[in-house]
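> missing the sequence, but the structure's below:
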């Protein structure tokens, strides 16, 4: 927690109908240097988002007035602000839909503050314009995006073209969850989004080539029912 | 059917039912007697050859219906001699008491019979008490109906006269050649033949007029009624007796044969109905089969309207009914239902007839029937139809009781489950809440903050408790999803190793005390499943194993493909399960006696629900070496090919 990367002026907007959750999030976020605004309904959330211009939005699914997906779509009409979904296990389907529609990440209630802050950091980092790093590193993995070379523990690994574009996508969104649909669309094209067995086979190949123990992946983790995530160093 | 062995008093009562409206009083009297003795009783009607009038038929039908409603077994039989018919039934049913009304003896138009009926009945029923009921001939609004009209079957007499006329003409032509004595034989032959077509009255009439015509036209001296020779007189007398006896005999044979055939047909029809109804599995099935039989036997379209309670009739005929009813007809049906009165002509093919379905105690419903063709013998038809409806009423009543009992049983079961649910849920919720409350109150005690170590322990307790609460809520939601029937698995190609890794990773803390052994077939193919449901199912199996076996023991997790099935099994090294509980462990809220506290008895039923939703199955067995093994089987198929065109 102490290794906070958020700037002190980071503005967070919490849209959740439960006042206790809002209170807890405010306490946690303010303790970590965020400035917090709250909204109890979807409508209020949309207008707060327009007024306060937050750097990040925490959006609860299951608001009393409008569906979370509508809130996200309305906000996305004019803003690319990162949105992290707060969901419960039972709203799996909705969560995936909202992610497919442009939410940045999700976190399942109940969650630990460590987990929450990590998600927020990743989401914030992706939203900021930054110089393209030529080399991505996580654990033993090292990807040189310019040279298109991949190394594990310093040893060069040969990847097929598809495997490499898959890896490239993960690196581009390092730390963020990628839904199966997003991956399929980006790597294989929109006509392949339903051919999810492709993804399984290639994920297996990728893990076999890049993970130390492929049956216990540490880099490419599975998000059940959602998709995959490339774990970053922090 | 309702005669069930000798009663307490040992009496068996028989009441003679006739076409007379006064018969109803006799029937009621017999009913009271049977009630006071608490003995079974039979109502008997003996039909004779003469066809009854419409009024008589109506009376008889009403009388028999009354007897039936009052709980009598109704028997109708046919015999030329009513006394003999009654006594036959008396012997067959070990009757000890006969009840008969005075002054309205069974249908007999011959005067001397009427006088002798009671006398003969009493004489011939030696050892059996005969009660003679004297009906009160009170004023009745029905008035004229009670007056028995003189019914002459004109057609029969016309036929008789024509036949005798024809034979007379033929005799007249041939008598010079054959002689006047042979003429008598011709007459006799014609009477014998006539017996096949007409009743007893016309027979008697034919015998008389043929004798007279023979005497007048052919016996010398001709054209007088006097007879000149003694042997002619003798022959005339013998002819007369012979004609009468022959006619009677043949008429009797005919009646009995006809009645026999009809009875056989009817009992076969009833037997088939009873058999089919007994085999029916549900109320709908009973109704459908009943209507089918009614339509087949009675040649018409039928509808059954079931009673919703003892007072109200359903608004719609039973869905298997073929006959559509108008609003007016539905109103009639309601009237028939409440009044328990048969309504309808049974003769008119344009109109619908209604019969109530009743048992001794209950009103079951109403049968509506519209005939395709008019019926010759209305009384017979109606009797059989009533027997049908009575049979159906009994079966429907029984079926309803059964379904009611089943519903009650299910209700009691769900009550019990509900109570179990509340008990176990409240316990399961209270425990962690109590833990959290206690821990938090210690932590917030500003006077005694305790050691840092203790604070850590308390925080750990809070975390464990919240974990437990979260799992409980998850379980409840899961079982609700299974129960609701709205579980729609999102089946997708999944990697088994990934499933197992994800599951184990999420259970790292819970399984820390056990030794986990993973045993996967090399090269497991992709299998279609709902990853999230399977993760939850596997989680529950693993938690179950951990919960019921001591720390330090091994839990084996294995996956293999056999016979187009994926088998994922979780085997523990505990004591295994008592054999008698193996079948029940997947039941909701079932907990093996003696299991450690904590747990709702939901986990395994969720596993079953989730796995079955994916067309799989889950089994449990005890391992030979000790411990239990749970196995999830999922069907597998070849994953679609992958085109490497983009490589």
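Nice, thanks for sending it over. Since the structure is predicted, the reported quantities are computational estimates derived from the model, not experimental observations.
> got the confidence number for the closest residue to residue A:211 other than its chain neighbours?
Nearest residue to residue A:211 in three dimensions, chain neighbours excluded: residue A:217, at 4.9 Å (C-beta to C-beta, 6 or more residues apart in numbering or on different chains). Using the backbone N, CA and C atoms, a C-beta is placed for each residue, glycine as well. At residue A:217, the predicted lDDT confidence score is 91.
> which SS class is residue A:217?
Reducing the assignment at residue A:217 to three states with DSSP: H, G, I helix; E, B strand; the rest coil gives coil.
> again, but for residue A:167
helix.
> burial of it, as a residue count?
25 (other C-beta atoms under 10 Å in any protein chain shown).
> also residue B:579?
8.
> now swap in the one 10 residues further on and tell me
Residues near residue B:589, counting by other C-beta under 10 Å, number 18.
> and the one 4 residues further on, by the same measure?
Using other C-beta under 10 Å as the criterion, residue B:593 is surrounded by 8 other residues.
> tell me the domain ranges of chain A?
A:11-127, A:135-230 (automatic domain parsing).
> among those, which is nearest residue B:565?
domain A:135-230 (18.9 Å; C-beta to C-beta).
> centre of the chain versus that closest one, how much separation?
Domain A:135-230 sits 15 Å away from the centroid of its parent chain (C-alpha atoms, centre = their mean, to the nearest Å).
> then stretch B:477-493?
The chain centroid and the centroid of stretch B:477-493 are separated by 38 Å under C-alpha atoms, centre = their mean.
> is it positioned near chain A?
Yes: Stretch B:477-493 reaches chain A (C-beta under 8 Å from any C-beta of the partner chain) through B:477, B:490, B:492, B:493.
> can you list the buried residues in stretch B:158-177?
Neighbour-count burial for stretch B:158-177, counted by 16 or more other C-beta atoms under 10 Å in any protein chain shown, picks out B:159, B:160, B:163, B:164, B:167, B:168, B:171, B:175.
> now the last one: closest residue in space that isn't a chain neighbour?
Read it as residue B:175. Closest to residue B:175 by C-beta to C-beta, 6+ apart is residue B:183, at 5.5 Å.
> got phi/psi on the one you found?
Dihedral pair for residue B:183: phi -60, psi -40, per degrees, to the nearest 10.
> now do it against residue A:178, distance only.
120 Å (C-beta to C-beta, to the nearest Å).
> pLDDT value on residue B:5, please?
So residue B:5 comes in at 44 (pLDDT).
> quick one: the residue in the stretch 201-350 of chain B positioned nearest to chain A and residue B:362, what's the gap?
At 37.2 Å from chain A, residue B:282 is the closest residue in the stretch 201-350 of chain B, using C-beta to the nearest C-beta. Using C-beta to C-beta, residue B:282 is found at 19 Å from residue B:362.
> who's more crowded, those two?
residue B:362 (16 against 11).
> pLDDT below threshold where in chain A?
A:1-8, A:90, A:130-132, A:233-234 (pLDDT under 70).
> quick check: buried residues in stretch B:182-200?
The neighbour-count check on stretch B:182-200 (16+ other C-beta under 10 Å) flags B:183-184, B:186-188, B:190-192, B:194-195, B:198-200 as buried.
> and which of those is nearest to chain A?
Using C-beta to the nearest C-beta, residue B:199 is the member of those that sits closest to chain A, with 84.2 Å.
> ok, that closest one touching residue B:157?
No: look at residue B:199 against residue B:157 with C-beta atoms under 8 Å: they stay out of range, at 9.9 Å.
> contacts only, for the most far-flung residue of chain A relative to its centre.
Here chain A reaches farthest from its C-alpha mean at residue A:155, the gap being 29.1 Å by C-alpha atoms, centre = their mean. Shown in contact with residue A:155 (C-beta atoms under 8 Å, 6 or more residues apart in numbering or on different chains): no residues.
> follow-up on the earlier one: now, of the residues of stretch B:477-493 next to chain A, which are buried?
Here, 16+ other C-beta under 10 Å leaves B:492, B:493 buried among the residues of stretch B:477-493 next to chain A.
> tell me the two of the residues of stretch B:477-493 next to chain A that are most distant?
B:477 and B:493 (26.4 Å).
> verify the stated contact: residue B:355 with residue B:336.
Yes: at 7.2 Å, residue B:355 and residue B:336 qualify as touching, with contact defined as C-beta under 8 Å.
> ok, back up a step: tell me which of the domains of chain A lies nearest to residue B:510.
Residue B:510 lies closest, by C-beta to C-beta, to one member of those: domain A:11-127, at 16.0 Å.
> so can I have CSV of the buried residues of stretch B:182-200 showing distance to residue B:390, secondary structure and pLDDT?
What follows is the buried residues of stretch B:182-200, written out as CSV (distance: C-beta to C-beta, whole Å; DSSP: H, G, I helix; E, B strand; the rest coil; pLDDT from 0 to 100):
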residue, distance to residue B:390, secondary structure, pLDDT
B:183, 55, helix, 85
B:184, 53, helix, 84
B:186, 51, helix, 87
B:187, 49, helix, 86
B:188, 47, helix, 84
B:190, 45, helix, 87
B:191, 43, helix, 83
B:192, 41, helix, 81
B:194, 39, helix, 82
B:195, 36, coil, 77
B:198, 35, coil, 77
B:199, 31, coil, 73
B:200, 33, helix, 74
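> in chain A, which spans are strands?
A:11-15, A:35-39, A:56-60, A:83-87, A:105-108, A:135-138, A:141-144, A:149-152, A:155-157, A:177-179, A:220-223, A:227-230 (DSSP state E).
> no, scratch that, I was asking about the stretch 1-150 of chain B
Ranges of strands within the stretch 1-150 of chain B are B:13-16, B:41-47, B:73-78, B:97-101, B:129-133, based on DSSP state E, counting those that start in this stretch.
> ditto for the stretch 251-400 of chain B
Taking DSSP E, counting those that start in this stretch, the strands of the stretch 251-400 of chain B run over residues B:300-306, B:352-358, B:363-371.
> name the helix or strand of chain B that has the lowest mean pLDDT.
Each helix and strand of chain B was given a mean pLDDT (mean pLDDT, DSSP states H and E); the minimum falls on helix B:111-124 at a mean of 69.
> wait, residue B:266 sits on residue B:386?
No: Residue B:266 is not in contact with residue B:386 according to C-beta under 8 Å; the separation is 11.2 Å.
> helices of the stretch 401-550 of chain B, start to end?
Ranges of helices within the stretch 401-550 of chain B are B:452-484, B:496-506, B:531-548, based on DSSP state H, counting those that start in this stretch.
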